[in-house]
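Chemist: Predicted model and sequence below, questions to follow.
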Amino acid sequence: MLGDECWVVSLSAREGSMATPQDLVDQAESFAAVAGAQGGEQLDFSPQSLATVDSLLDQWLHLAEVYAGVEPPDLTPFIMPTAAYAGEVLRRALGGEWIIPEKPGSYPYLVLGGHLQVNAVHLVEQILRHRAPLSLWETYQRLARMLSTGSTLGPAT
């Protein structure tokens, strides 16, 4: 699955066309459909499906390590499609909206509960670079707790 070009949508190719929240929803739906068609993964936009996406990320990282030559493969093309799916799961499950910044080079983010900002692109990027403290599933659980208790302590992602 790592090398399938029809599945990869690069950040640079999509940056200019991410004009609306619907573009992100469409990309999330494409990600889910391709994951199902190519890998048999059933991504149904439920919070539990984030555990499946975590597993996919682990597989990609493992393949990147196994097949790395002198320079490891670039996983950047997987960031935006994965972030669109993860963000859309969070938006649907926790209630929120996509915000598309007008500033060039800025990535879309979510606002949950009217005040909690979540940058799904940054989160997925950190996971793929082995720097994220939480998986996508753990992030969902943390955000759900924060929203249910009204807590806003610390950055969400």
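Modeler: Great, that's in hand.

Chemist: quick one: the helices in this protein?
Modeler: Ranges of helices within the chain are 11-15, 21-39, 49-66, 79-94, 120-128, 136-149, based on DSSP state H.

Chemist: Point out the one among these that comes closest to Gly105.
Modeler: Smallest distance to Gly105 across the helices of the chain (Cβ to Cβ): 7.7 Å, for helix 11-15. For every residue, glycine as well, the C-beta is placed using N, CA and C.

Chemist: Could you list which residues are in contact with the spatially closest residue to Ala35 that is not a sequence neighbour?
Modeler: Using Cβ to Cβ, 6 or more residues apart in numbering and skipping the chain neighbours, the partner closest in space to Ala35 is Glu41 (4.3 Å). Contacts for Glu41 (Cβ atoms under 8 Å, 6 or more residues apart in numbering) come out as Ala35, Thr52, Leu56.

Chemist: hang on, the earlier thing: quick one: closest of the helices of the chain to Leu112.
Modeler: The nearest among those, by Cβ to Cβ, is helix 79-94 at 4.9 Å.

Chemist: Now do that closest one, average pLDDT.
Modeler: Over the span of helix 79-94, the pLDDT mean works out to 97.

Chemist: Packing partners of it?
Modeler: Where contact means 3 or more Cβ pairs under 8 Å, 6 or more residues apart in numbering; DSSP states H and E, helix 79-94 is packed against helix 11-15, helix 21-39, helix 49-66, strand 96-99, strand 109-112, helix 120-128, helix 136-149.
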